[in-house]
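Participant: Structure for the following, please:
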Amino acid sequence: MTVFARSPRRRAVLYLRVSTRAQVDTDFDPEGNSIPAQRKACQYLAERLDLTIVAEYVDPGKSGRSVDGRPAFRAMMGRIRNEGDVDVIVTYMRSRLFRDTTDAALTKQDLRDRGVAILSVKDPTDDSPTGELLAHMVDGFNEYQSRIAGQDVAYKMEAKAARGGTPGRAPLGYVNVREIVDGRQVRTIAVDKVRGPIIRALFERYATGQASYHQLRNLSIALGLRTRPTRRYPSGTFLSVNKIGHLLCDPYYVGTVTFNGTAYAGRHTPLIDQDLFDRVQRVLTEQRGGGVRNRRWHHYLKGWIWCRRSGHRITLEGAKSHSGRYHFYFLCLGRINAGDCDLPRILVEHAEAAVAAHMASFTWSPGETADVSAALANLTRSWQESTAHVQTTLKRERTRLRRLERDLLELVGHPDWPVDAINGKLTEARDRQVLLDHQLAAVAGGSADGLARVGDLLTLLEHPRQFYTSLTDDDRRTFGQLCFERLYLDVDEGHGTTGVTPVSVHGTAAAA
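Facilitator: Predicted structure coming up:
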């Protein structure tokens, strides 16, 4: 190490940096790759040179490739420029400061103009011409080493993806695990037994075309879906609307690993099948198409009705009048996206009346009535199974909250824990339990009411229109799709009474 000339009580700041969080608190580290090891070495050098340490700047878990992504480095440079109370920057190695020669050159010029020197524990540099030459060579070597290491990591990650492995951390719904295979430890991916089924339920719900991102988020909260625990959020957090959107587009859940824009067949177990994923992507495409914000509006006919003129799907559009009132119309996507359809807008109430009238054209034979009864019985069983799963998930979340409440109560009065923070967490946990109790009661009540309603509605099968109009909106869609796979709408623009659009409906029978 070069011996530096002593200056009387020069003021110094320490700059410490590690690339990963795991290196932040490591106590024993002879290579100086932890914050404690760097601090100890820098303090020793400052003591030898009779420097007064006025501040310490630490960037934990930050890459060295660019100074732009390091807040502590920027704060240090801001102090040097604005306060002028720093003579020396002490760091463990120059690579802790720079991994890019351009950053190094600009920063060194800035420091030189202010009379600030850089001292490194491990690198033999000083302010002499020889020291400057060595510093330039060290900075160039550090950049080369960083780029080579980055290329090596990228190559290994891509090779892992090509073999069907998962580079990095598995997406939500999966967990990174270690297994013993033939006597050696192997890292692999397994389905998260708690989060996986909930994510599958979100895909299934969105594939119906009847749920928005916000509704899915509310459902995920009701089912207790949280991100994985972190140091900052030990209990995880609820998913944001944006996270829901990214999740629905991720092909990882269907068994595909994507790296640098290339898709590979993954070795992990798919959470959903390709058909469900494709249906979700179609709904996403339809709701994003033509600049119309369809996610905001929902209707039981949307996704079931089609344009008879162009064969395109018909979507829902909301238009705001001068008085501030919304009017809702059905609009052909062929008119929005391709401009190849002249079907005019259809008021929602006119379309609803036409579809209800068309249901009268459907008649049931005794055999068909029996088939529908059997189908409804199957739906009822599926409903019961789904309800049981929801109840189990809600009860598990309630148990977790009760355990959390008990743990928090044990901390009350402990001198090392802030009372306000504990009381806030207790209130949050208790409020959440009240909400879960209401949700459990609603699920149980809805299940009982639904079973009783199925028996009553089966008696109306001989009168389809009366049966159809007696249903709720969601039940109308379900029942209607049992009768007709698709409904095609058209408009006779030359007829009809004033103010009423003559809408014609033609249905294609549902597959048996």
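Participant: in the stretch 251-400 of the chain, which spans are helices?
Facilitator: Assigned by DSSP state H, counting those that start in this stretch, the stretch 251-400 of the chain shows helices spanning 274-288, 333, 348-358, 366-411.
Participant: So for Pro197, which of these sits nearest?
Facilitator: helix 366-411 (7.0 Å; Cβ to Cβ). Every residue, glycine included, has its C-beta placed from N, CA and C.
Participant: just checking, next helix/strand downstream of the helix or strand of the chain with the lowest mean pLDDT?
Facilitator: Within the chain, no helix or strand scores below helix 129-162, which has a mean of 60 by mean pLDDT, DSSP states H and E. Past helix 129-162, further along toward the C-terminus, the next helix or strand under DSSP states H and E is strand 174-181.
Participant: That following strand pairs with which strands, and in what direction?
Facilitator: strand 184-191 (antiparallel) (DSSP bridges).
Participant: Average pLDDT for the partner strand, rounded please.
Facilitator: Summarised as a single mean, pLDDT over strand 184-191 is 79.
Participant: low-scoring stretches of the stretch 1-150 of the chain, by residue?
Facilitator: 1-8, 20-33, 61-66, 124-150 (pLDDT under 70).
Participant: mind running it again at 50?
Facilitator: 1-4, 7, 23-24, 26-32 (pLDDT under 50).
Participant: Please enumerate the helices of it.
Facilitator: Under DSSP H, counting those that start in this stretch, the stretch 1-150 of the chain gives helices at 35-48, 71-82, 94-97, 101-113, 129-162.
Participant: List the buried residues in the fourth one.
Facilitator: Residues of helix 101-113 classed as buried by neighbour count (16 or more other Cβ atoms under 10 Å): 103-104, 107-108, 111.
Participant: quick check, nearest of the residues you listed to Arg313?
Facilitator: Nearest to Arg313 among the buried residues of helix 101-113, with distances taken as Cβ to Cβ, is Asp103, at 52.9 Å.
Participant: what about the stretch 301-450 of the chain, any weak spots by pLDDT?
Facilitator: For the stretch 301-450 of the chain, no range has pLDDT under 50.
Participant: Of the buried residues of helix 101-113, which pair is most distant in space?
Facilitator: Once Cβ to Cβ is applied, the buried residues of helix 101-113 give Asp103 and Leu111 as the farthest pair, at 12.1 Å.
Participant: do you know how far the closest residue to Ala207 other than its chain neighbours is from Thr208?
Facilitator: Nearest non-adjacent residue to Ala207, counting by Cβ to Cβ, 6 or more residues apart in numbering: Arg279, 4.2 Å away. To Thr208, Arg279 is 9 Å away according to Cβ to Cβ, to the nearest Å.
Participant: Compare neighbour counts for those two and give me the winner.
Facilitator: Taking neighbours as other Cβ atoms under 10 Å, Arg279 and Thr208 compare with Arg279 leading, 17 against 14.
Participant: Could you measure from that one over to Ile199?
Facilitator: For Arg279, the distance to Ile199 - Cβ to Cβ - is 16 Å.
Participant: for Arg309, same thing?
Facilitator: 39 Å.
Participant: Ala374 now?
Facilitator: For Ala374, the distance to Ile199 - Cβ to Cβ - is 31 Å.
Participant: Which residue of those two possesses the greater neighbour count?
Facilitator: Ile199 (25 against 10).
Participant: Please save the CA atoms from the one helix or strand Gln481 maps to in CSV.
Facilitator: Gln481 is part of helix 473-483 when elements are defined by DSSP H and E. C-alpha atoms of helix 473-483 as CSV (Å, rounded to 0.1, in the frame of the first residue of the first chain):
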residue,chain,number,x,y,z
ASP,A,473,-78.0,-10.6,-14.5
ASP,A,474,-75.3,-13.2,-13.9
ASP,A,475,-77.8,-16.0,-13.9
ARG,A,476,-79.3,-14.7,-17.2
ARG,A,477,-75.9,-15.0,-18.9
THR,A,478,-75.3,-18.6,-17.5
PHE,A,479,-78.8,-19.8,-18.5
GLY,A,480,-78.7,-18.0,-21.9
GLN,A,481,-75.4,-19.7,-22.8
LEU,A,482,-77.0,-23.1,-22.0
CYS,A,483,-79.5,-22.3,-24.7
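Participant: List of residues touching the helix or strand following it?
Facilitator: Counting by DSSP H and E, the next helix or strand C-terminal to helix 473-483 is strand 484-491. Here strand 484-491 makes contact (Cβ atoms under 8 Å, 6 or more residues apart in numbering) with 301, 304-309, 314, 330, 343-344, 346, 351, 354-355, 358, 362, 480, 501-511.
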